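A.B. asks: sequence below, structure please.
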Amino acid sequence: MFITFIIADVIVIIVLLGLVLSFFKADSEDKPSVKFSFLNETYKTFASDIKEQMESNETEGKKKKEKKKKELNANAKRVYILNFKGGVFAEEVEKLREEITAVMLVARSGLDEVIIKIDSPGGMVSAYGLVATELHRIRNRAIKVTAVVDRVAASGGYMVACVADRIVAAPFAYIGSVGVVSEFPNFNSLLNKVGVDWKTYTAGESKRDVGQYGKITPDAEKRHNKKLKEIHLLFKKHIHQYRKNVDLSKIATGECWTGQEALDLKLVDELGVSDDIIMEQIKWANVYKVHTPDNRDVIDKVLGSVTGAVMVQVKAWIFNINTEKLMQ
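C.D. replies: Numbering: from 1, shown residues only. You can find the predicted model right below:
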C-alpha cells in the first residue's frame, strides 16, 4: 500500500508539472534546429583579444605586427565537432541523431572528418546500441570519425567510442568496463511479511523472468543470467568488429582502466585532450562545432530539470523490473 501511494504521488507531480509547462508554452512549437559554429573565427577572435590585452601594455608608438594568415578556401577539409554526454537512458541521442543527419547532408566522403567528444559511464543496452549505430552512419559514408574522451567512456560509453576510426583519451580518463550488470532490490519477502501477494500474469513462458516484487525462481534466475551472457557476447563481438587488435580475454572483464592503461591494452589509439585535437585541426582545416541550441525560456528549463529528475526515478523503477544495463 505504501509503495502504491508513492507511485501515485509521483504520477500526480508529473501531471501537475506537465500542466504548468503546457500553460506557459501553449503557443510554442518544438522546432529543433542544428547550428554550425565556425570555430576558426572563434579561436581567432579569442587569440586577437588576448593579444590586444598584451599589446596595450606596450609603448604607444610601437607598431603592431601585421597578420598574414591566409584564409582557408572553400575546398579545404572540413571538421565537424559533435558532443555526446550520455546518461543512463542516453536520451541525448535524440539531439545527436539530428546533428549527425545535418553533418551527413554537407560532409564530403573521403575528405571531411567528424570529431565526437564522448563523456558517458554507460546505461541501458538498447539506448547505447542506438547511439553506436547512429555514429556508424558516418563511418558508413567513408567519413573519418575520431572519438575523444576527456573524462569517461565506460561500458555503453565505450561501446559508442569504439565505432570511431581513432580513439584519443586523456591520461586519467576512465575507459572500458566491458561488461553487463542487472541489479535491483527484491521486495518479495517484505511483501509477504505484510500480507501482500504480488501476482504477475503473462502470455509466453519467458515474458518475465526476474522482477522487484515477485518471487525469483531458480529457472527465472537461470534465464536472466543467460540473457546477460548473451548481451555480453554481443558487446564483445561489437568491439571486435571495430578494434580487431584488442585481446577480448583481457578487456571484457567489466574492469575500468585509465587512459594510459587503455592505450597499453589497445582500447585507445593515443593520449590527448579534445582542446589540443581541435586546435591542431584549426591550423589547416575549417572546423565547425555542431550543436542544437537550447531555446527554452527560464520556466521551461526549470520545469524541464525537475520533470527530468522525476522521470529518471520513475523510469529506473519501471525498467529495473526486467532490464539489463551496461554500467560501470
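A.B. asks: which one is Trp257 nearest to, not counting chain neighbours?
C.D. replies: Of all residues beyond its chain neighbours, the one nearest Trp257 is Gly176 (5.0 Å), with distances taken as CB to CB, 6 or more residues apart in numbering. Heads up, the C-betas are built off the backbone N, CA and C, glycines and all.
A.B. asks: confidence score at the one you found?
C.D. replies: What the model reports as pLDDT for Gly176 is 97.
A.B. asks: where do the helices of the stretch 201-328 of the chain begin and end?
C.D. replies: For the stretch 201-328 of the chain, the helices defined by DSSP state H, counting those that start in this stretch occupy 218-242, 248-251, 259-264, 274-282, 298-319.
A.B. asks: next: the stretch 51-200 of the chain.
C.D. replies: Along the stretch 51-200 of the chain, the segments classed as helices by DSSP H, counting those that start in this stretch run 93-106, 125-139, 156-161, 188-193.
A.B. asks: need the residues that contact the third one.
C.D. replies: Judged by CB atoms under 8 Å, 6 or more residues apart in numbering, the contacts made with helix 156-161 from elsewhere in the structure are 84, 86, 90, 118-125, 127-129, 131-132, 135, 147, 149, 153, 167, 175-178, 235, 238-239, 267, 326-327.
A.B. asks: coming back round to it: who wins for proximity to Glu52 among the helices of the stretch 51-200 of the chain?
C.D. replies: Comparing these against Glu52 with CB to CB, the closest turns out to be helix 93-106 (33.8 Å).
A.B. asks: now that closest one: mean pLDDT?
C.D. replies: 93.
A.B. asks: same thing with stretch 179-190?
C.D. replies: Averaging pLDDT along stretch 179-190 yields 92.
A.B. asks: show me what contacts the residue most central in space within the chain?
C.D. replies: If you average the C-alpha coordinates of the chain and look for the closest C-alpha using CA atoms, centre = their mean, you land on Gly86, 2.8 Å from that point. Contact partners of Gly86, counting by CB under 8 Å, 6+ apart, are Glu92, Val93, Ile118, Asp119, Ser120, Gly122, Gly123, Tyr128, Val131, Gly156, Gly157, Val160.
A.B. asks: and the gap between it and Ala47?
C.D. replies: Computed as CB to CB, to the nearest Å, the Gly86 to Ala47 distance reads 32 Å.
A.B. asks: same thing with Lys117?
C.D. replies: Distance of Lys117 to Ala47, computed by CB to CB: 22 Å.
A.B. asks: residue contacts, Val131?
C.D. replies: By CB under 8 Å, 6+ apart, the neighbours of Val131 are Phe84, Gly86, Ala90, Val93, Leu96, Gly156, Met159, Val160.
A.B. asks: check what pLDDT it gets.
C.D. replies: What the model reports for Val131 is a pLDDT of 98.
A.B. asks: isn't Met279 right up against Asn40?
C.D. replies: No: counting by CB atoms under 8 Å, Met279 stays clear of Asn40, with 10.6 Å between them.
A.B. asks: neighbour count for these two, which is higher?
C.D. replies: Asn40 (18 against 12; other CB atoms under 10 Å).
A.B. asks: surely that one meets Asn286?
C.D. replies: Yes: under the criterion of CB under 8 Å, Asn40 is in contact with Asn286, at a separation of 6.1 Å.
A.B. asks: where does this protein dip in pLDDT?
C.D. replies: Where the chain drops to pLDDT under 70, the residues are 1-32, 46, 50-51, 53-74, 296-328.
A.B. asks: and it, what are its domains?
C.D. replies: The record assigns the chain these domain ranges, following automatic domain parsing: 1-25+298-328, 34-45+73-177+255-292, 184-243.
A.B. asks: just say which of these is most tucked in.
C.D. replies: Greatest average neighbour count among these goes to domain 34-45+73-177+255-292 (a mean of 19), per mean count of other CB atoms under 10 Å.
A.B. asks: what about that domain, how long is it end to end?
C.D. replies: The straight-line separation of the ends of domain 34-45+73-177+255-292 (CA to CA, to the nearest Å) is 4 Å.
A.B. asks: what of stretch 256-266?
C.D. replies: Start-to-end, stretch 256-266 (CA to CA) is 13 Å.
A.B. asks: looking at strand pairing, list the partners for the residue lying closest to Arg108 once chain neighbours are set aside.
C.D. replies: Computed as CB to CB, 6+ apart, the closest residue to Arg108 that is not its neighbour in sequence is Arg78, at 7.4 Å. Arg78 has the following beta-bridge partners by DSSP bridges: Asn286.
A.B. asks: quick one: Arg78 and Val103 touch, right?
C.D. replies: No: because the distance of 9.4 Å does not satisfy CB under 8 Å, Arg78 is recorded as not touching Val103.
A.B. asks: now Gly272: closest residue in space that isn't a chain neighbour?
C.D. replies: Excluding its sequence neighbours, the residue lying closest to Gly272 (CB to CB, 6+ apart) is Val168, at 4.6 Å.
A.B. asks: from what I see, the one you found and Ala153 are in contact.
C.D. replies: No: between Val168 and Ala153 there is no contact under CB under 8 Å: 10.7 Å.
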